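*Asks:* Quick one: sequence plus predicted model below, questions after.
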Amino acid sequence: MTLGFSVDALLPKARGGGQLRMGLVKLAEHEWLQPAPDLAARAAGFADWPQGVQLSPEVAEPGRELAAMLGVAGALPEAALAVHEDLCLLTRREGEEAYRLIGAAVAWPSDWHPAQKIGLPLRALHAPIAGYEEHLATGVDRFMETLRPGAIYGRCNWFIAATDNRRWLPDRPPAEAFAHVTPHNAGETLFVRSERQTLRRLPATGAIVFTIGIYVEPLGRLSPANIAMLGKAVQTLVSGEGDRRGAPAYAPSLIAYAQGAAD
């Protein structure tokens, strides 16, 4: 099983509501990162939002190792300019069990600010996610502990946004952001955002690389099967999960649109 590089290709591998799960698939080396990235878009993304690069002193050596792996001179910021994906590095401090975020080069965040997360351990990083502590935290900790160099794993998720901007930092209440959405125009006014995430361990420093590839499409451009899946999934989100990203404001229109597309 592999993971594609578009919303339509990723959604069938994503969780369709219900209990949170990691949903990891093993990837080959050539499946790690998107081929032929738009490097001009990456440069523009970081130029427009320089605060997306956050580096702790601990990231210097792993950052250089990652850049060398990608054939890039420099460290983490230069590596992130050379690929489609946003890049994060995590490691454990001596005497600690938890992995911490030690570096982030993020041009296209999904509702988070690296400056607020740098240095935090995994559970604190994911604290805003409803259900993470109950359903995922122990499994994620175990996976990070046992991940070996050479192995690459991937997963994907989805969000519904009121914009097709790849940098998604909501700045309005959901009721206001989605106020223009109706069952009739949802295909053009709701945007499905998918993160293609991968994890691998660097062989020399032992740091873990977490990549996030962002893909966005209008709801109406997706396959009928994916539209139907989303229409069902928004009805079975974990308690509190949809509230954080405004599901009550858009779900009725999405569900009605999906039902109409199926008729």
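*Replies:* Right, received. Where do you want to start? Owing to the predicted nature of the structure, the values given are computational and were not obtained by experimental measurement.
*Asks:* Which helix or which strand is home to residue 26?
*Replies:* Assigned by DSSP states H and E, residue 26 belongs to strand 25-27.
*Asks:* list the buried ones in that strand?
*Replies:* For strand 25-27, a neighbour-count test (16 or more other C-beta atoms under 10 Å) marks 25, 27 as buried. For the C-beta atoms, the positions are set from N, CA and C on the backbone; glycine is no exception.
*Asks:* What of stretch 92-103?
*Replies:* 92, 99, 100, 101, 102, 103.
*Asks:* mind listing the strands for the stretch 51-200 of the chain?
*Replies:* 53-55, 86-92, 99-105, 152-156, 159-161, 191-201 (DSSP state E, counting those that start in this stretch).
*Asks:* Could I get these in a markdown table, plus columns for distance to residue 254?
*Replies:* A markdown table is the format used below for the strands of the stretch 51-200 of the chain (distance: least, C-beta to C-beta, whole Å):
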| stretch | distance to residue 254 |
| --- | --- |
| strand 53-55 | 34 |
| strand 86-92 | 26 |
| strand 99-105 | 31 |
| strand 152-156 | 19 |
| strand 159-161 | 7 |
| strand 191-201 | 10 |
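*Asks:* Excluding chain neighbours, what is closest to residue 190?
*Replies:* Among residues not flanking residue 190 along the chain, residue 219 sits closest, at 4.4 Å (C-beta to C-beta, 6 or more residues apart in numbering).
*Asks:* Tell me which two in the buried residues of stretch 92-103 are the farthest apart.
*Replies:* Largest separation among these by C-beta to C-beta: 92 and 103, giving 14.1 Å.
*Asks:* just checking, residue 27 touches residue 154?
*Replies:* Yes: applying C-beta atoms under 8 Å as the test, residue 27 and residue 154 come out as touching, 4.9 Å apart.
*Asks:* what touches both of those two?
*Replies:* 3, 198 (C-beta atoms under 8 Å, 6 or more residues apart in numbering).
*Asks:* ok, the residue nearest to residue 190 - contacts?
*Replies:* 160, 186, 187, 188, 190, 191, 192, 227, 230, 254, 257.
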